[in-house]
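Asks: okay, predicted coordinates and the sequence, questions at the end:
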Amino acid sequence: MYEWHENVQQIIELIERNLEDGLTLSEVSENLFYSPFYCTKKFHALTGIRLRDYVRLRRICKAALELRDTEKSIAEIAIDNGFSSQAAFSRSFKKAYSISPKEFRMSPKPIPLLLKRIVYDPHFLGIKRRCNLSEKELERIEVKIEKLPAHKFIGIRNINAKGYFHFWELQESIPGQDCHTVTGLLESIQSLHGQIGGWYFEGDKRGYLYGIEVPIDYRGEVPKGMECTVVSESEYVVFYYPTYNYEEENTAVMSTVNELAWNWNPEDSGYEWNTENPIYQRSDPENYGYSICRPVKLLK
């Protein structure tokens, strides 16, 4: 049923491993034992973008982050990311985002970068069966109290969204606020901890949010349709599971940590929930792990 989702994901992984060197369409098709025409047709159908354009925009995405975060010359960045010359890179960058690499480096502004596409996720598609964590794996869960300094949140909130997937289902119908556009824009802004999800409260109602944390003194441009709000300093209870194998363990890790986070009683530790601050959901299985961070305040 999901054969071509898996095949196209294999193409994406192959491209990601060879972005700098480049792959020919023939090499891609040979890896899947299908014709070049059929591969490009299926790729476009499942990703919404032509394979050739995907490769070009993924190279630009990597290059843009290097322009923002490194001291490498523009010429060096161009060559390192598979462009034939600085001029070719500049033309491609300006065509994509109406700004030159030099202008972006001097004054970074939000641009809708193309992030790696995921068209085959066995957990999302319901292919992976839920399994419980073993006793040894359960011991890896940490519950700790940390103080998060005051910062700003840039992103989107939706009071009607119940969780991550429902949030993006609702956003899909709002022009310019679909998952690919929003995550691409957020990626172009330097953040404190990468992209995050979470929950917030309006009275007795709980909604979902998605965005990034930036320093309290952030004065940069905020993407159209997003908000920039101040989040006050607060202590947080962090329910954390360290790095793990996403494909094999994600469902078990997330469900276990979530259950613990939503059922933990802060009064046992002399606290109560602080519903004025957002609850953060951090997920980066390979580099960070998974956590739910719930704000608390001392009992009066």
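Replies: The structure has been received and is ready for your questions.

Asks: secondary structure class for residue 296?
Replies: strand (DSSP: H, G, I helix; E, B strand; the rest coil).

Asks: please name the nearest non-neighbouring residue to it.
Replies: Excluding its sequence neighbours, the residue lying closest to residue 296 (C-beta to C-beta, 6 or more residues apart in numbering) is residue 271, at 4.0 Å. All C-beta atoms are positioned from the backbone trio N, CA, C, and that covers glycine.

Asks: ramachandran coordinates for that neighbour?
Replies: Here is the backbone geometry of residue 271 (degrees, to the nearest 10): phi -120, psi 170.

Asks: for it, name its beta-bridge partners.
Replies: In this entry, residue 271 is beta-bridged to residue 298, by DSSP bridges.

Asks: pull the number of nearby residues for it.
Replies: Neighbour count for residue 271, taken as other C-beta atoms under 10 Å: 18.

Asks: equivalent analysis for the one 10 residues further on, please.
Replies: Residue crowding around residue 281 was assessed by other C-beta under 10 Å; the count is 22.

Asks: just confirm it is within a strand.
Replies: Yes. Judged by three-state DSSP, residue 281 forms part of a strand.

Asks: please tell me how far it sits from residue 175.
Replies: 26 Å (C-beta to C-beta, to the nearest Å).

Asks: which residues touch the residue nearest to residue 296?
Replies: By C-beta atoms under 8 Å, 6 or more residues apart in numbering, residue 271 lies in contact with 145, 235, 237, 296, 297, 298, 299.

Asks: measure it to residue 261 for me?
Replies: 14 Å.

Asks: what do these two both touch?
Replies: What both residue 271 and residue 261 touch, as defined by C-beta under 8 Å, 6+ apart, is the set residue 237.

Asks: give me the neighbour count for the nearest residue to residue 96 once chain neighbours are set aside.
Replies: Using C-beta to C-beta, 6+ apart and skipping the chain neighbours, the partner closest in space to residue 96 is residue 60 (5.7 Å). Counted by other C-beta under 10 Å, the residues lying close to residue 60 total 23.

Asks: and for residue 13?
Replies: 12.

Asks: what helices and strands are in contact with the host helix or strand of it?
Replies: Assigned by DSSP states H and E, residue 13 falls within helix 3-17. Applying 3 or more C-beta pairs under 8 Å, 6 or more residues apart in numbering; DSSP states H and E, one finds that helix 3-17 contacts helix 25-32, helix 36-47, helix 51-69.

Asks: nearest to residue 222, of these?
Replies: Smallest distance to residue 222 across the helices and strands packed on helix 3-17 (C-beta to C-beta): 16.7 Å, for helix 51-69.

Asks: run through the neighbouring helices and strands of that closest one.
Replies: helix 3-17, helix 36-47, helix 74-80, helix 86-97, helix 101-106, helix 179-187.

Asks: contacts for the next helix or strand after the last one next, please.
Replies: On the C-terminal side of helix 179-187, the nearest following helix or strand under DSSP H and E is strand 195-202. Outside strand 195-202, the residues that touch it by C-beta under 8 Å, 6+ apart are 157, 159, 164, 167, 183, 186-187, 206-213, 275, 278-283, 293.

Asks: please apply the same query to stretch 254-262.
Replies: 130, 132-133, 138, 141, 143, 237, 239-241, 283, 290-292, 294.

Asks: just the ones in helices from those, please.
Replies: residue 138 (DSSP state H).

Asks: contacting residues for residue 287?
Replies: Going by C-beta under 8 Å, 6+ apart, the list of residues near residue 287 reads residue 243.

Asks: so it belongs to a strand, correct?
Replies: No. Going by three-state DSSP, the assignment for residue 287 is coil, not a strand.
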